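Asks: Here you go, sequence then predicted model.
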Amino acid sequence: MVQAQHIAEAILKGFRRHFSLFQQMTATAKQRFATADWPGFARDSSDRISFYDLRVQETIDQLVKELPQHCLDEPLWQQVKQHYLDYLGFHPQAELAETFYNSVFCRLFDRKYFHNQNIFVESTLSKKKLPAPIASVYDSYFPAQDGLRVCVPKIFASFSLPLPFVDLERDIRLLLQAFRHQSSHGRHPVHQIRFDMLKSVFYRNKAAYIVGRVVSPDGQQPFIIPLLQQKVAGNNLLYIDTLITEAQQMTIMFSFSRAYFMVETPVPSALVHFLKELLPHKTLAELYASVGLHKQAKTEFYRELLQHLAASTDKFVAAPGIRGMVMMVFTLPSFPYVFKVIRDRFSDTKAFGRDTVKDRYFLVKKHDRVGRMADTMEYSDVALPKNRFAPELLAELIEAIPGSLTIEDNMVVISHLYIERRMIPLNLALESASDAEKSRLMQDYGQALKDMIGANIFPGDMLLKNFGVTRHGRVVFYDYDEVQYLLDVNFRTIPHTDNWDDLLSSEPWYPVNPGDVFPEQIATFVTPQPQLRALLFEAHPELLDAAFWCEKQQKIRAGIIEDVFPYPISQRFMQLLPPL
């Protein structure tokens, strides 16, 4: 009989290998940033997402050579869990190691064994102190000792940034001016304030971010300092781009619609709980995801869901909006998420199958979402209480997804499920919007398209119902069954004709090949409402021009990655300075 301790050690060894490789890949972000290797950064960010599943499978491959086939000795595995738990007493990544254990166990055994005696349904971290105090992830600075002119440069020097600044003295002057203007904390004398700065730099896209807070008699003021770079006399140099102190802007920077940060996290729980103090409206699941620990985010989210179900009584219902032809979508009104399941059968207009849909959702997860595409959490064998489903929804699910749904006693088990943040479908938001809000939403919809295509994403189906409006009023895409890379599309202009028979024909009079897209037709199929069409193309007339789309393709082929700022451009310090 394989010893319980040996199994526990094998799983922990697999986790250590995973986390070591994860951290090594994360550490490359600093050098990618230093050399402005944006394509390399994007590849690393994408590749890192698959690390977890690869390491879990390696661990399973090792264990299946040693474990009896097709049987579960529960007393043995409960001993395994106890040994494993003993190793986690002061483990700096204890909560991640628990999740890794769960993943290994759940792939080896049937769902009926998924309970807290065998796996970590409940985290041990909720019953004890964190592996390290939150203070271990930040340094404190006291301007009273040296004054701001010495203290602030000392803060920037502590990060060992990979490049020198263009003019750090100038940037600090702008930074302090902005802080005094934006926050009451900035008006306190230096002997009444303290800076707490996270030790790790956050990298994403073409920026590095420094995160911290100032503590004063008024409480605490979180802030984010974005650092960008520019070439000066052939050298890459840093500059401070702006100061973010407004809570909503900070929340948007950690949004579910953006790529994960590359940030070194030797003690993830301490880092995440510090961020939680800065962004109290963010859940632990959202914060773990934002720093690239998306598997831990899934674990935390599932615990949040179980807690919410235990504390609420409302029922799952069909999500508001037009029914999708590929996905069945439902929601719990008191819980701000939607649950999406691939239908067993698609409309005849959808010339692809289930595997294609799954591949496209994974494409978006690995890609830079540029603040315009919702992240998804993918689950297998999710069991939800049958009595929490509205009868009409359950009947519809049984009809639409019988291959993905089974009923076991009092539980509805869904074999494959996506979960996203709930948004108001754009078409519904427009129905109740004022004229001014309609104009703003259609302008942002057009900008969302531009942001996506600049990142080499063609949404395919651009109908308004496939976009949502977040609680911060941003337009975000969430229906990925027709997503593809922009470079895989052939943009054409409709040929001119003076022939009335051609113009009146219900079929195109010109050849159309697979992959052909005619941007001029966006005016007719995005929305039937003339007012909305006029608002869109008044703000973004170039969307009707095939040359505009082809130009975007040329930039992508040339390796040019466009700037997408997760904060208002009007706040950038460089707007206030003359060009170099």
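Replies: Okay, I see it.
Asks: In contact with Gln554: list those residues for me.
Replies: Neighbouring residues of Gln554 by Cβ atoms under 8 Å, 6 or more residues apart in numbering: there are none. No exception for glycine: its C-beta is placed from N, CA and C like everyone else's.
Asks: In what element of secondary structure is it found?
Replies: Using DSSP states H and E, Gln554 maps to helix 546-557.
Asks: Give me the buried stretch members for that helix, please.
Replies: Across helix 546-557, burial judged by 16 or more other Cβ atoms under 10 Å covers Ala546, Phe548, Trp549, Lys552, Gln553, Ile556.
Asks: Leaving out sequence neighbours, find the closest residue to the fourth one.
Replies: Read it as Lys552. Sequence neighbours aside, Ile453 is the residue nearest to Lys552 in space, at 5.1 Å (criterion: Cβ to Cβ, 6 or more residues apart in numbering).
Asks: Could you measure from that neighbour over to Gly219?
Replies: For Ile453, the distance to Gly219 equals 43 Å [Cβ to Cβ, to the nearest Å].
Asks: So between the two, which is more surrounded?
Replies: Set Ile453 next to Gly219 and count neighbours by other Cβ atoms under 10 Å: Ile453 wins out with 21 against 10.
Asks: Phi, psi for the more buried one please.
Replies: phi -70, psi -30 (degrees, to the nearest 10).
Asks: Pro189 too?
Replies: phi -60, psi 160.
Asks: And the pLDDT for it?
Replies: Per-residue confidence (pLDDT) for Pro189: 75.
Asks: hang on, the earlier thing: in CSV, could you pull the C-alpha coordinates for the helix holding Gln554?
Replies: Extracted in CSV, the C-alpha atoms of helix 546-557 (Å, rounded to 0.1, in the frame of the first residue of the first chain):
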residue,chain,number,x,y,z
ALA,A,546,-12.2,48.7,-45.0
ALA,A,547,-8.9,50.6,-45.3
PHE,A,548,-9.1,51.4,-41.5
TRP,A,549,-9.3,47.8,-40.6
CYS,A,550,-6.6,46.8,-43.0
GLU,A,551,-4.3,49.5,-41.5
LYS,A,552,-4.9,48.0,-38.1
GLN,A,553,-3.8,44.6,-39.5
GLN,A,554,-0.6,46.1,-41.0
LYS,A,555,0.3,47.6,-37.6
ILE,A,556,-0.1,44.2,-35.9
ARG,A,557,2.0,42.5,-38.6
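Asks: hmm, back to that, do I have it right that the residue nearest to Lys552 meets Leu487?
Replies: No. Using Cβ atoms under 8 Å, Ile453 is not in contact with Leu487, being 10.4 Å away.
Asks: What mean pLDDT does the longest strand along the chain get?
Replies: If you go by DSSP state E, the chain has its longest strand at strand 219-232. Average pLDDT, strand 219-232: 94.
Asks: cool, stretch 539-556 as well?
Replies: Mean per-residue pLDDT for stretch 539-556: 96.
Asks: and if you look at stretch 363-375?
Replies: Stretch 363-375 comes out at a mean pLDDT of 95.
Asks: now do stretch 449-461
Replies: Stretch 449-461 comes out with an average pLDDT of 95.
Asks: Return the distance of that stretch from the chain's centre.
Replies: Between the centre of stretch 449-461 and the centre of its host chain there is 17 Å, according to Cα atoms, centre = their mean, to the nearest Å.
Asks: Keeping just the C-alphas, turn that stretch into PDB.
Replies: This file holds the C-alpha atoms of stretch 449-461, laid out as PDB (Å, rounded to 0.1, in the frame of the first residue of the first chain):
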ATOM      1  CA  LEU A 449     -14.400  47.800 -31.100                       C
ATOM      2  CA  LYS A 450     -11.300  49.900 -31.800                       C
ATOM      3  CA  ASP A 451      -9.500  48.800 -28.600                       C
ATOM      4  CA  MET A 452     -10.200  45.100 -29.500                       C
ATOM      5  CA  ILE A 453      -9.100  45.300 -33.100                       C
ATOM      6  CA  GLY A 454      -6.000  47.200 -32.000                       C
ATOM      7  CA  ALA A 455      -5.200  44.100 -29.900                       C
ATOM      8  CA  ASN A 456      -5.700  41.700 -32.800                       C
ATOM      9  CA  ILE A 457      -9.200  40.600 -31.800                       C
ATOM     10  CA  PHE A 458     -12.100  40.600 -34.300                       C
ATOM     11  CA  PRO A 459     -15.400  40.100 -32.300                       C
ATOM     12  CA  GLY A 460     -17.200  38.500 -35.200                       C
ATOM     13  CA  ASP A 461     -20.800  39.100 -34.100                       C
END
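Asks: Show me what counts as buried in it.
Replies: 449-461.
Asks: Now do the contacts for Val137.
Replies: By Cβ under 8 Å, 6+ apart, Val137 lies in contact with Leu198, Lys199, Ser200, Val267, Ala270, Leu271, Phe274.
Asks: wait, the first one sits on Ala270?
Replies: In other words, Leu198. No. Using Cβ under 8 Å as the test, Leu198 is too far from Ala270 to be in contact (10.0 Å).
Asks: where in this protein is pLDDT low?
Replies: 1-2, 68-71, 126-128, 184-187, 498, 500-506, 509, 575-580 (pLDDT under 70).
Asks: Pop the domain breakdown of it in here.
Replies: Using automatic domain parsing, the domains assigned to the chain come out as 4-127, 134-265, 310-422, 426-557.
Asks: And the shortest one, end to end?
Replies: According to Cα to Cα, to the nearest Å, domain 310-422 extends 20 Å from its N-terminal end residue to its C-terminal end residue.
Asks: Next: the last one.
Replies: With Cα to Cα as the measure, domain 426-557 spans 32 Å from end to end.
Asks: Look up how far Ala558 lies from Gly515.
Replies: Separation of Gly515 from Ala558 (Cβ to Cβ) stands at 21 Å.
Asks: Also Lys295?
Replies: Lys295 is 35 Å from Ala558, by Cβ to Cβ.
Asks: out of these two, which sits in the more crowded spot?
Replies: Remark: of Lys295 and Ala558, Lys295 carries more neighbours, 22 against 7, as counted by other Cβ under 10 Å.
Asks: contacting residues for the most centrally placed residue in the chain?
Replies: Central residue of the chain (Cα atoms, centre = their mean): Phe256, 3.9 Å from the mean position. Counting by Cβ under 8 Å, 6+ apart, Phe256 touches Glu286, Ala289, Ala374, Asp375, Glu420, Arg421.
Asks: of the residues you listed, closest to Leu535?
Replies: Taking Cβ to Cβ as the measure, Leu535 lies nearest Ala374 of the contacts of Phe256, at 23.7 Å.
Asks: give the contact list for the closest one.
Replies: Phe256, Ser257, Glu420, Arg421, Met423, Gly468, Val476, Phe477, Tyr478.
Asks: Does Leu168 touch Phe156 like I think?
Replies: Yes. With contact defined as Cβ under 8 Å, Leu168 and Phe156 form a contacting pair (6.7 Å).
Asks: More neighbours: which of those two?
Replies: More crowded of Leu168 and Phe156, by other Cβ under 10 Å: Phe156, with 20 against 17.
Asks: A helix includes the more buried one, no?
Replies: Yes. Assessed with DSSP: H, G, I helix; E, B strand; the rest coil, Phe156 lies in a helix.
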